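Student: Model the structure of this input:
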Amino acid sequence: MNYKTIYLEDLGVRVEYASFCPEKGAGEWHVMLHVDPRGELFEEQLRRIYAAEDRLVQLADFEGAQHVLKRYFLSDSANQQPLMREELSVAVSVIQQQPLDGSKIAVWLYLVSDTRLSVENGALVARSNGYEHIWRMGMVSTEGDSARQTDVILNEYEQLLQKFGATLAEHCIRTWFFVRDVDTQYAGLVSARRENFIREGLTSETHYIASTGIGGGPAETKALVQMGAYALKGFQPEQQRYLYAKTHLNPTYEYGVTFERGTRMEYGDRSHIFISGTASINNKGEVVHVGDICQQTKRMWENVEMLLNEGDMDFGDVMHLVVYLRDTADYETVREMFHERFPSVPTVITLAPVCRPAWLIEMECVAVKANDNEKFRPF
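Tutor: Presented below is the predicted three-dimensional model:
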C-alpha cells in the first residue's frame, strides 16, 4: 500500500490517494479530491475538480489507470447536479452529503488498470481474468413512500442483474442506500428491503449484503431513497467470507435490519474487504457513549478494526475512509482525531445523519491486501 498527497496549486485541489499496484496484475487507486472554496460559486469549484480528475490519469503514479467509480458529495444536489457534465463511460454517484471543509463539493474516485471497461444495460462493467465487476449507481424511484421506492429500486436492480446472468443473493457484494430525512424515512427502507430479501432467499439463516444506510439527499426532489450497488460474477463461493466481530458487534437482524457488517473477497493475488457503515455499537445492539462524539469515534474505530482483523487485515490496509457526521459542530473535533490517527489515508467527512439519532458518527471503508493463493484467479 502506498499513500500520497499532492496539491495541484493552480487548481487549488488537494489529491489524497492510496495505490495498490503489484508488479503483475491490475493496479487499484482510491482517491479523494478536496477543493479550496476560494469563496467561489459551485460551478467554478466543479470546474477545478473536473480539471483535477482529468489531470490525474496523466500523472506517472497513475499509469494505465481508468476511472471506474466517481462519487460526488455535494452541498445542494437539487441545484448542483443539473450543472454537472454527463459521463456515460463511468459509474457516477451524486448525493447531497455536504463536505464539511467549507467547500461545495468533494469526490471519491476508484480507478483500475489492466481491465476492460464497458457500459452495458446502464451499468459499468469491468472485466479481467474471468471476473465481471458490475457497478450501478444513482438508482431512484419517485413512486410512493420510502418503502415503495425501495421495493421498486430493488426490483429494477434485480432485473438488471438478470441481464448479466446474476442474482442479488449470489452476486451482489456491496450496496449503499442514501435516505432523505433518515430519521423518518429509514424505517420504510428497512421494511421493504427485508421483504425483498426474503423473496430473494436472503435471510438470517443464509446471509445478507454489506451495506451503508445513511442520510443523503438525491437530486430528484421526489426521491426519498437512492441506491448504489456493486456486484461480482465469476468467483467461487469460497472466495467470499462475511465478517462479524461478535465480541464487539451483534448480528444486524437482532435489531431489525438486514446487512452484513463486512465482506472479504479473496482473489489469487489480493483480497478486498468492504466494511459497511459502522458506528458506536456493542454486541447487544446498543448505542455506546450516547452524546460523546470523542468516545463514539473511538468505539467506532475499535469496531471497524475488529472487523478488519477478522479478515486478516488492519487499518494499514485501508484504501479510503468515508465519515458521516450528524452535527456540523463536531467537525473540527472529528477532523483532528482522524488526522492524528490516519494522517495519510484518503478521507472525506460529510454531513449525513446516521440511521439512529443517538449515533453521532459513522464510517465505512475499503481495504486491500496482497495475497498468494493459487486456488483462485488473480483480480
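Student: alpha carbons only for contacts and neighbour counts from here, please
Tutor: Will do.
Student: Tell me where the stretch 101-250 of the chain has strands.
Tutor: With strands called from DSSP state E, counting those that start in this stretch, the stretch 101-250 of the chain shows them at 105-112, 116-120, 123-128, 131-140, 172-179, 210-215, 225-233, 240-243.
Student: Just put these in TSV and tack on mean pLDDT.
Tutor: Output for the strands of the stretch 101-250 of the chain, formatted as TSV (pLDDT from 0 to 100):
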stretch	mean pLDDT
strand 105-112	98
strand 116-120	98
strand 123-128	98
strand 131-140	98
strand 172-179	98
strand 210-215	98
strand 225-233	98
strand 240-243	98
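Student: hey, which of those strands is tucked in deepest?
Tutor: strand 210-215 (a mean of 25; mean count of other C-alpha atoms under 10 Å).
Student: tell me the angle that one makes with strand 172-179.
Tutor: 10 degrees (axes from the mean of the first three to the mean of the last three C-alpha atoms, to 10 degrees).
Student: Just the CA atoms of stretch 37-45, as PDB, please.
Tutor: Output in PDB follows, covering the C-alpha atoms of stretch 37-45 (Å, rounded to 0.1, in the frame of the first residue of the first chain):
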ATOM      1  CA  PRO A  37     -13.500  27.000  -1.600                       C
ATOM      2  CA  ARG A  38     -12.000  30.400  -2.500                       C
ATOM      3  CA  GLY A  39     -15.400  32.000  -1.900                       C
ATOM      4  CA  GLU A  40     -16.500  30.700  -5.300                       C
ATOM      5  CA  LEU A  41     -19.800  29.500  -6.700                       C
ATOM      6  CA  PHE A  42     -20.400  25.800  -7.300                       C
ATOM      7  CA  GLU A  43     -19.700  25.900 -11.000                       C
ATOM      8  CA  GLU A  44     -16.100  27.200 -10.500                       C
ATOM      9  CA  GLN A  45     -15.400  24.700  -7.800                       C
END
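Student: any idea how far it is from the chain center?
Tutor: Distance of stretch 37-45 from its chain centroid, counting by C-alpha atoms, centre = their mean, to the nearest Å, is 26 Å.
Student: what's next to it, contact-wise?
Tutor: Stretch 37-45 is contacted from outside by 35, 36, 80, 83, 102, 103, 104, 105, using C-alpha atoms under 8 Å, 6 or more residues apart in numbering.
Student: For that stretch, what does the pLDDT average out to?
Tutor: For stretch 37-45, mean pLDDT is 98.
Student: Just the buried positions in that stretch, please.
Tutor: By 16 or more other C-alpha atoms under 10 Å, the buried positions in stretch 37-45 come out as 37, 42, 45.
Student: Next: stretch 26-40.
Tutor: Residues of stretch 26-40 classed as buried: 26, 27, 28, 29, 30, 31, 32, 33, 34, 35, 36, 37 (neighbour count, 16+ other C-alpha under 10 Å).
Student: So, low pLDDT: which residues of this structure?
Tutor: Judged against pLDDT under 70, the chain has no low-scoring part.
Student: domain ranges for it?
Tutor: Domain assignment for the chain by automatic domain parsing gives 1-114, 117-234, 273-379.
Student: Assess the claim that residue 207 and residue 261 are in contact.
Tutor: No: judged on C-alpha atoms under 8 Å, residue 207 makes no contact with residue 261 at a distance of 10.9 Å.
Student: what about those two, which has more around it?
Tutor: It is residue 261, of residue 207 and residue 261, that has more neighbours when counted by other C-alpha atoms under 10 Å, with 26 against 16.
Student: gap between that one and residue 208?
Tutor: 9 Å (C-alpha to C-alpha, to the nearest Å).
Student: Tell me, how many residues neighbour residue 51?
Tutor: For residue 51, using other C-alpha under 10 Å, the count is 12.
Student: Kindly report the same for residue 377.
Tutor: Residue 377, neighbours per other C-alpha under 10 Å, totals 18.
Student: Next, give phi and psi for it.
Tutor: With angles defined as degrees, to the nearest 10, residue 377 sits at phi -70, psi 150.
Student: which ones are touching the residue lying closest to it once chain neighbours are set aside?
Tutor: Leaving aside its chain neighbours, residue 377 sits nearest to residue 268 (4.8 Å; criterion: C-alpha to C-alpha, 6 or more residues apart in numbering). By C-alpha under 8 Å, 6+ apart, residue 268 lies in contact with 371, 372, 373, 374, 375, 376, 377, 378, 379.
Student: Can you name the residues that contact the last one?
Tutor: For residue 379, the residues meeting the contact criterion (C-alpha under 8 Å, 6+ apart) are 25, 26, 128, 129, 131, 267, 268, 269, 270.
Student: Go again with 7 Å.
Tutor: Applying C-alpha atoms under 7 Å, 6 or more residues apart in numbering to residue 379 gives the contacts 26, 128, 129, 267, 268, 269, 270.
Student: cool, and the first one?
Tutor: Applying C-alpha under 7 Å, 6+ apart, we find residue 371 in contact with 268, 269, 270, 271.
Student: Confirm for me that the third one is in contact with residue 369.
Tutor: Yes: at 5.5 Å, residue 270 and residue 369 qualify as touching, with contact defined as C-alpha atoms under 7 Å.
Student: With that, I have no additional questions.
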